[in-house]
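Enquirer: Test case, fold it:
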Amino acid sequence: MTKERLKELLKPIAEGLLGPQGTRRGPEPPHYTVRPVGMIVEDLCRIPEEDWAIYAFSREPLNGKFTDEQRRDLTRQALACGREYAEKLAAQYGMRDPEKLAKVLGVKVDFPDMPQSTERVLFAEFREPDKVHIYMDGVRKGRILLSEPGVPHALTGQLDIAKLLIGHELFHWVEEKYKKEIWTRTYKIELWAPRPLHNRSGVGVLGEIAAMAFTKTLNNLPYSPYVMDAFLVYGYSPEAASGLYEEMMEKAGRTPRLPEAPAPAALPDAEKEGGASR
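Expert: Predicted coordinates for the structure are as follows:
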């Protein structure tokens, strides 16, 4: 699998929680072996949070400015930032439910069926200054998949898809509110500029990584919400989700399974939770 072929396949699908892609036009897309959705989430739920660094940064325009070591270090800091603000708000308001927390913070959440633009598939988005849209077409498709073999065990009964999406988008409101102090906004890298000028830029993916940790913490999940990228895409295209699964596994340094391959030995719950949060 090449990055170019995967991008071609995924053109009609939004990049999960990370934003939209355009609609596919033109020749027949490449084909990938379709995996059962249970296999996909079982394998992806085993990936520790920090091991999503390479995948997350692959969506960052400034990705080429960093080494793998820097990507992992920045990912650790972004995860810590997301957890910190989740715990801070949960303690301040005495609640962890993302929907209720949004309400007390004055963030308006609505649940339209689909985005106004039909040129993309999108699951949720934050619009400044204080609106979160959760698109229910994708949520409903995801809820149907929750009963597929292997999915309930992997994703646990704690998962509420809509609340996970709310939590992710709510962090972007948090970033705006605390933009002068929050690490994901204050961190900058130096880009080239003729001396004595300086050209410093933020790194957008850090906010996305932190948003994942933020909603993971509020929803008390034992796995990275990046799993939702492939899981929710599966509701629209099992083939596209299978291609995305391949990319995710490879970027995490793991070998994607074929449908007939046996599952790895089951992890005890305590070990699973520890692995997902280290």
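Enquirer: CA atoms for contacts and neighbours, from now on please.
Expert: Fine.
Enquirer: List the contacts of the nearest residue to Leu44 once chain neighbours are set aside.
Expert: Closest residue to Leu44 apart from its sequence neighbours, by C-alpha to C-alpha, 6 or more residues apart in numbering: Val227 at 5.9 Å. Neighbouring residues of Val227 by C-alpha atoms under 8 Å, 6 or more residues apart in numbering: Val41, Leu44, Cys45.
Enquirer: Which positions in stretch 162-176 come out as buried?
Expert: By neighbour count on 16 or more other C-alpha atoms under 10 Å, the buried set for stretch 162-176 is 162-175.
Enquirer: Generate JSON lines for those residues, with pLDDT, secondary structure and distance to Asp137 as supplementary columns.
Expert: What follows is the buried residues of stretch 162-176, written out as JSON lines (pLDDT from 0 to 100; DSSP: H, G, I helix; E, B strand; the rest coil; distance: C-alpha to C-alpha, whole Å):
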{"residue": "Ala162", "pLDDT": "98", "secondary structure": "helix", "distance to Asp137": "11"}
{"residue": "Lys163", "pLDDT": "98", "secondary structure": "helix", "distance to Asp137": "15"}
{"residue": "Leu164", "pLDDT": "98", "secondary structure": "helix", "distance to Asp137": "15"}
{"residue": "Leu165", "pLDDT": "98", "secondary structure": "helix", "distance to Asp137": "13"}
{"residue": "Ile166", "pLDDT": "98", "secondary structure": "helix", "distance to Asp137": "15"}
{"residue": "Gly167", "pLDDT": "98", "secondary structure": "helix", "distance to Asp137": "18"}
{"residue": "His168", "pLDDT": "98", "secondary structure": "helix", "distance to Asp137": "18"}
{"residue": "Glu169", "pLDDT": "98", "secondary structure": "helix", "distance to Asp137": "17"}
{"residue": "Leu170", "pLDDT": "98", "secondary structure": "helix", "distance to Asp137": "20"}
{"residue": "Phe171", "pLDDT": "98", "secondary structure": "helix", "distance to Asp137": "22"}
{"residue": "His172", "pLDDT": "98", "secondary structure": "helix", "distance to Asp137": "22"}
{"residue": "Trp173", "pLDDT": "98", "secondary structure": "helix", "distance to Asp137": "23"}
{"residue": "Val174", "pLDDT": "98", "secondary structure": "helix", "distance to Asp137": "26"}
{"residue": "Glu175", "pLDDT": "98", "secondary structure": "helix", "distance to Asp137": "27"}
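Enquirer: Tell me the one of the residues you listed nearest Thr186?
Expert: Top of the list for closeness to Thr186, among the buried residues of stretch 162-176 and by C-alpha to C-alpha, is Glu175 at 10.3 Å.
Enquirer: Hmm, the closest one is touching Ile182, no?
Expert: Yes. Glu175 is within contact range of Ile182, at 6.6 Å (criterion: C-alpha atoms under 8 Å).
Enquirer: check which helix or strand covers His133.
Expert: strand 131-134 (DSSP states H and E).
Enquirer: which secondary structure elements does that strand contact?
Expert: Counting contacts by 3 or more C-alpha pairs under 8 Å, 6 or more residues apart in numbering; DSSP states H and E, strand 131-134 is packed against strand 108-110, strand 124-127, helix 161-177.
Enquirer: Please repeat the previous calculation with a cut-off of 7 Å.
Expert: strand 108-110, strand 124-127 (3 or more C-alpha pairs under 7 Å, 6 or more residues apart in numbering; DSSP states H and E).
Enquirer: nearest to Glu49, of those?
Expert: strand 124-127 (21.5 Å).
Enquirer: what's near enough to touch the residue nearest the centre of the chain?
Expert: The residue lying closest to the centre of the chain (C-alpha atoms, centre = their mean) is Tyr226, at 3.5 Å. Residues near Tyr226 by C-alpha atoms under 7 Å, 6 or more residues apart in numbering: none.
Enquirer: thinking again about what came up before, for the buried residues of stretch 162-176, which one is nearest Ile144?
Expert: The closest of these, once distances to Ile144 are taken by C-alpha to C-alpha, is Ala162, at 13.3 Å.
Enquirer: now that closest one: how far from Pro256?
Expert: The gap separating Ala162 from Pro256 is 28 Å, by C-alpha to C-alpha, to the nearest Å.
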